[in-house]
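Asker: just to be clear, the model below is a prediction. Sequence and coordinates:
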Amino acid sequence: MNSILNLKSYEELYKDSSFIGKFKDRFKITYRCENFIKDINLSVVNIDIPSNVNPKSYYNNIKIAQNIMGFNCEPLALDVWRILDYERFNDYQKKLFAFSVIKSIKLFLRLNFKNIRNSCVGVMDAGDYINKYIIEELCKFGNNVMLLSNNIDYLRKEREYLIAEYGVTPVITREYEYLLNNADFIISSRNIDPENEKLNIWYIDNRYVPKNNHNLHVNNVIFQVPWDEKSLKYTPQLIGAILSYMGGKNVEEDLKSNDINIDSFGFNL
C-alpha cells in the first residue's frame, strides 16, 4: 500500500542531546492511527514524535519513526517546529507553503475590501532562506513589496532577480520601524512582537506566541479536500506530500485540478 508518514509533536519544544534524553525520546515515538484516502489509494500513517528540536535528536527521532513503520518513505508531512521542518520539505512542499501564506493574505485583504496589488506587504527577515519562495510568490501578485533585512547586499541581488523575473521592484530596507509604519501585512520569520494593535502578522515560526494584541495573527492554513477522508487536518505540508505522491508539478494548477481550496487560516489551528 502507498503510504505517507504524518509526524506531529504536541509538547512544548525542548532541546536535549543527552543519552538519557535520547532514551526518553524513544518512548515518546508512538503510532497513533492510520487514515486511508480511498479516492487516491493512499494511506496516511500518523505518528507522534517528541518536540526535541536539538537538530541531531530531531533527525534521529524522524529516522526512528520511519524505521518503526519499516520503510523510509518520502516525502514526509512534518509538524514539529516549522523552522526545522522546512529543511525536510521537498521543493514542492516549500512552494505549496509559500502559496498558502500568500493566498491566505490575499483572502484576508479581500475580506477587508482591499487587494494585494494595492497593499504593502513586508517580509522580515527577507534574507532568511525560509522566505525565498514566499517572496517570489508575493511578487507574482503584489506591486508594493517591502523587504527588510540587515543583509542589504543580498537584498540588492535578490531585487535584481525579482525585477527581471516578475517585473516588481521591492523596497529594501533595514529600518524596522519603517516596516511597521507602512506595511498592511507583515510576513515574519523572526519572532517580533511590536506594540501596535493595528498590525497583521503572518508568523513563520508556528511555535512562537506573541504577548501583545495585534489585529490579526496567522501561523497556519488548513485546506478543504474533495476526498471522503475528512478526519485529517490537511495542512500545507500534508497536502504538499500528498500532491507530490500524485506527481504534482505546478502547485496552483494541481490544487485547482484536484478541487483543493483553503478552508481556514489563523493562529494555532
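Answerer: All right, it came through fine.

Asker: in the chain, which spans are strands?
Answerer: Secondary structure of the chain (DSSP state E): strands at 3-8, 30-37, 42-48, 77-79, 120-124, 144-148, 171-173, 185-188, 200-203, 216-218, 220-224, 261-266.

Asker: which stretches in this protein count as helices?
Answerer: Assigned by DSSP state H, the chain shows helices spanning 19-28, 55-69, 82-88, 91-111, 132-141, 152-166, 176-182, 236-245, 251-257.

Asker: so for Lys24, which of the strands of the chain sits nearest?
Answerer: Nearest to Lys24, of all those, is strand 30-37, at 12.8 Å by C-beta to C-beta. Where C-beta positions appear, they are placed from N, C-alpha and C, glycine not excepted.

Asker: grab the CA positions of the closest one and hand them over as CSV.
Answerer: Written as CSV, here are the backbone C-alpha positions of strand 30-37 (Å, rounded to 0.1, in the frame of the first residue of the first chain):
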residue,chain,number,x,y,z
THR,A,30,4.2,6.2,19.1
TYR,A,31,1.9,5.1,16.4
ARG,A,32,-1.4,7.0,16.6
CYS,A,33,-3.6,5.8,13.8
GLU,A,34,-3.8,5.3,10.0
ASN,A,35,-6.2,7.1,7.6
PHE,A,36,-6.9,5.7,4.2
ILE,A,37,-7.8,8.1,1.5
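
Asker: could you give the angle of that strand to helix 55-69?
Answerer: Per axes from the mean of the first three to the mean of the last three C-alpha atoms, to 10 degrees, the angle that strand 30-37 makes with helix 55-69 is 60 degrees.

Asker: quick check: buried residues in strand 30-37?
Answerer: Residues of strand 30-37 classed as buried: Asn35, Ile37 (neighbour count, 16 or more other C-beta atoms under 10 Å).

Asker: what is the mean pLDDT for that strand?
Answerer: Averaging pLDDT along strand 30-37 gives 94.

Asker: contacts for it?
Answerer: With contacts defined as C-beta atoms under 8 Å, 6 or more residues apart in numbering, strand 30-37 is touched by 42-48, 68-69, 227-229, 231-232, 242.

Asker: any idea which of those is closest to Asn196?
Answerer: Leu232 (36.4 Å).

Asker: ok, that closest one - how many residues close by?
Answerer: Residues near Leu232, counting by other C-beta atoms under 10 Å, number 18.

Asker: same question for Ser51.
Answerer: There are 20 residues near Ser51, going by other C-beta under 10 Å.

Asker: ok, it touching Glu11?
Answerer: Yes: counting by C-beta atoms under 8 Å, Glu11 is a contact partner of Ser51 at 4.1 Å.
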